[in-house]
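Q: coords please:
(one chain, ligands or ions: 2)
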Amino acid sequence: MNHNQQSALIMIFGATGDLANRKLFPSLYRLYKKGRLSQFAVVGVGRRTLTNEQFQQNVVNSVAEAIPNSSDLETFASYFCYHSHDVTDSSSYLTLKNIADDLDEKHNLGGNRVFYLAMAPEFFGPIAIHLKEDGLTDVTGFKRLIIEKPFGHDLKSAQELNNQIRTAFSEDEVYRIDHYLGKAMVQNIETIRFSNAIFENLWNNRYISNIQVTSSEILGVEERGRYYETSGALRDMVQNHMLQMVALLAMEPPIRLTPDEIRSEKVKVFRAMRPVEIDEVNEYFVRGQYGKGSIEDIEVPEYRSEQMVDPNSNTETFVAGKVMIDSFRWAGVPFYIRTGKRLETKSTKIVVQFKDIPMNLYDRPDQEITPNLLVIHIQPEEGITLHLNAKKAGQNMEATPIKLSYANTGIASINTPEAYEKLIDDSIKGDATNFTHWDEVALSWSYVDKISQAWEKTPATNYPNYASGTMGPKEADELLEKDGFFWWPINQFEVDVC
Ligand SMILES: NC(=O)C1=CN([C@@H]2O[C@H](COP(=O)(O)OP(=O)(O)OC[C@H]3O[C@@H](n4cnc5c(N)ncnc54)[C@H](OP(=O)(O)O)[C@@H]3O)[C@@H](O)[C@H]2O)C=CC1
Ligand SMILES: O=C1O[C@H](COP(=O)(O)O)[C@@H](O)[C@H](O)[C@H]1O
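A: Numbers count the residues shown, from 1 in each chain. Ligands and ions are numbered 1, 2, ... in the order given. Here you go, the predicted model:
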């Protein structure tokens with residue numbers, strides 16, 4: 001067998017849900033078409049009653065919708081079967097085991113099993129325990145557990161969940177999804193840093209003045225009000241995606257590009273994050289909640305009028321913060337993070353602002369000198385721009401801002417896997433680099449727990465405090481202004497596509 005091909009039984013809990021239909025089936029299809037899945041079978045699990053044929057048709061429909069012009073859909077779907085099973089019903093796991101054993105034998109899957117928990121988090125622990133107790137994890141090959149977010153609600157619940165999972169799976173068998181780690185340009189952070197002499201030498205507090213990480217969304221809370229009310233932007237985005245990006249930006253070069261070495265460097269960053277004590281939260285963090293407004297000429301309602309949302313909700317839909325990393329490399333350099341729903345633009349970008357040079361001969365009142373910036377465009381466009389100053393054309397000695405641009409839209413990007421595709425492929429291969437280790441999860445929860453505790457103690461009195469279609473509350477601007485900085489206008493940074 002080609003070592004790029006994988007064989008495994010993939011069991012998806014929550015196979016009738018949104019994530020499975022929108023992300024997992026299309027990702028499995030792409031892997032199948034690329035020949036990355038050689039021998040495989042998928043068992044879908046959900047509560048509703050479906051025949052295998054109906055389930056296979058769902059798979060066909062979801063792939064066709066996600067991937068126009070897809071082919072071989074019926075053959076692909078024939079690898080799927082469905083089992084209606086309430087995961088809270090202990091008696092039904094034995095049937096599931098028999099189905100898994102039969103498929104293993106029929107498709108010669110080598111006893112390899114991947115359990116994907118695409119369900120509400122309260123089920124994660126009980127499912128893991130049942131998988132062990134009812135023998136589904138007694139396999140001759142590998143067994144792996146892929147777990148969706150959120151991994152807990154705070155440190156205490158995350159610890160309880162981890163203990164439950166660890167009764168059935170060892171740490172190296174647990175793949176905690178953070179889909180940002182599957183994004184091509186997030187993975188590029190390491191490559192940009194560690195394969196370019198010009199950056200790594202400057203990547204410290206002597207040359208960098210601040211780093212800004214923004215992940216803004218146009219969408220509101222949609223149909224997820226019930227979940228979001230218990231989460232808010234802090235738990236939904238900051239505890240995981242935003243802090244993971246900070247860790248990749250701030251970590252020391254690992255001695256090797258292995259999962260253990262990379263994770264161990266990231267863990268050191270989390271340990272070096274300056275804790276924000278409850279009485280300091282207002283100094284470092286800002287929260288917001290969207291009011292009504294207009295986005296792309298469409299009027300949208302305020303958060304408090306959304307489905308399943310308390311009309312007096314205190315849930316934040318926006319967070320901006322200043323993360324300080326007390327390490328030799330980063331002392332004194334603020335990492336500003338900002339994320340929110342119903343903002344002006346859908347964009348994730350990292351702006352690295354370099355310090356001004358000690359004396360700039362071109363710094364005159366009549367001309368514009370901008371600091372050097374490295375912008376990493378994560379989505380929707382992918383690329384890198386480096387903002388420099390160069391001589392203005394003509395007979396003068398004036399400088400003007402210019403930009404070197406790389407867009408990840410060429411031939412290479414046609415084969416760039418989507419985040420979920422990459423992560424599923426990695427988990428079947430057994431590469432845990434782009435999944436979060438328990439130590440990272442625990443440390444990031446302990447960082448955000450103090451912030452959420454402070455916010456729960458003092459509910460916001462000014463919600464809604466930003467209009468939909470803006471870039472958040474004015475306090476987010478003030479957070480940087482008091483340090484002498486401002487948010488770079490990310491919607492004006494573009495990668496030039498040739
Ligand atoms: N959707 C998304 O874009 C994202 C989702 N996630 C995470 O993925 C997970 C799933 O989310 P999503 O797909 O949106 O959720 P959905 O509500 O769309 O789907 C839930 C799934 O769980 C099944 N289910 C619920 N209760 C039971 C039960 N007692 N026994 C068996 N099956 C049950 C449902 O089956 P049935 O309806 O047949 O009962 C359905 O298949 C969550 O943890 C979420 O946080 C993470 C990032 C993005
Ligand atoms: O994990 C989540 O991420 C999405 C944003 O993901 P993106 O890839 O579109 O940037 C966010 O909408 C959602 O609330 C959150 O749970």
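
Q: Going by C-alpha atoms from here, please, whenever you check contacts or count neighbours.
A: OK.

Q: Would you mind listing where the protein has pLDDT under the threshold?
A: Residue ranges of the chain with pLDDT under 70: 1-5, 368, 410-417, 498.

Q: got the residues of it near ligand 1?
A: Taking CA under 6 Å from any ligand atom as the contact definition, the chain meets ligand 1 at 14-20, 46-48, 85-88, 118-121, 148-150.

Q: Just the buried residues of those.
A: 14-16, 20, 46, 85, 87, 118-119, 121, 148-150 (16 or more other CA atoms under 10 Å).

Q: List the residues that contact Gly332.
A: Contacts for Gly332 (CA atoms under 8 Å, 6 or more residues apart in numbering) come out as 205, 324-326.

Q: Compile those into a markdown table and extend it with columns for secondary structure and distance to Asn396.
A: Shown next, in a markdown table, are the contacts of Gly332 (DSSP: H, G, I helix; E, B strand; the rest coil; distance: CA to CA, whole Å):
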| residue | secondary structure | distance to Asn396 |
| --- | --- | --- |
| Asn205 | coil | 34 |
| Met324 | strand | 42 |
| Ile325 | strand | 43 |
| Asp326 | coil | 45 |
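
Q: quick revisit: which two of the buried ones among the residues of the chain next to ligand 1 have the greatest separation?
A: Farthest pair in those (CA to CA) is His85 and Pro150. Separation: 22.7 Å.

Q: Give me the phi and psi angles of the nearest residue to Thr16 once chain neighbours are set aside.
A: If the residues on either side of it in the chain are set aside, Thr16 comes closest to Gly46, at 5.8 Å by CA to CA, 6 or more residues apart in numbering. Main-chain dihedrals, Gly46, degrees, to the nearest 10: phi -160, psi 170.

Q: quick one, what contacts Gly46?
A: Gly46 touches 13-16, 83-86, counting by CA under 8 Å, 6+ apart.

Q: So which residues of the stretch 301-450 of the chain form strands?
A: Assigned by DSSP state E, counting those that start in this stretch, the strands in the stretch 301-450 of the chain fall at 318-324, 334-340, 347-354, 373-379, 383-391, 399-407.

Q: quick one, strands of the stretch 151-300 of the chain?
A: 174-176, 208-216, 285-288, 290-295, 298-300.

Q: I figured Met119 hits Phe13, correct?
A: Yes: using CA atoms under 8 Å, Met119 is in contact with Phe13, at 6.4 Å.

Q: Could you give me the buried positions within stretch 245-259?
A: Quick answer for stretch 245-259 (16+ other CA under 10 Å): 245-254, 259.

Q: oh, I was asking about stretch 371-382
A: With burial defined by 16+ other CA under 10 Å, the residues of stretch 371-382 counted as buried are 371-379, 381-382.

Q: got the residues you listed as TSV, with distance to Ala320 columns?
A: As requested, those are exported to TSV (distance: CA to CA, whole Å):
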residue	distance to Ala320
Pro371	23
Asn372	23
Leu373	20
Leu374	21
Val375	19
Ile376	19
His377	19
Ile378	19
Gln379	19
Glu381	23
Glu382	23
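
Q: from these, which is closest to ligand 1?
A: Using CA to the nearest ligand atom, Gln379 comes nearest to ligand 1 of these, at 16.1 Å.

Q: Could you double-check that the closest one lies in contact with Ala407?
A: No: with contacts counted by CA under 8 Å, Gln379 stays clear of Ala407, the gap being 11.3 Å.
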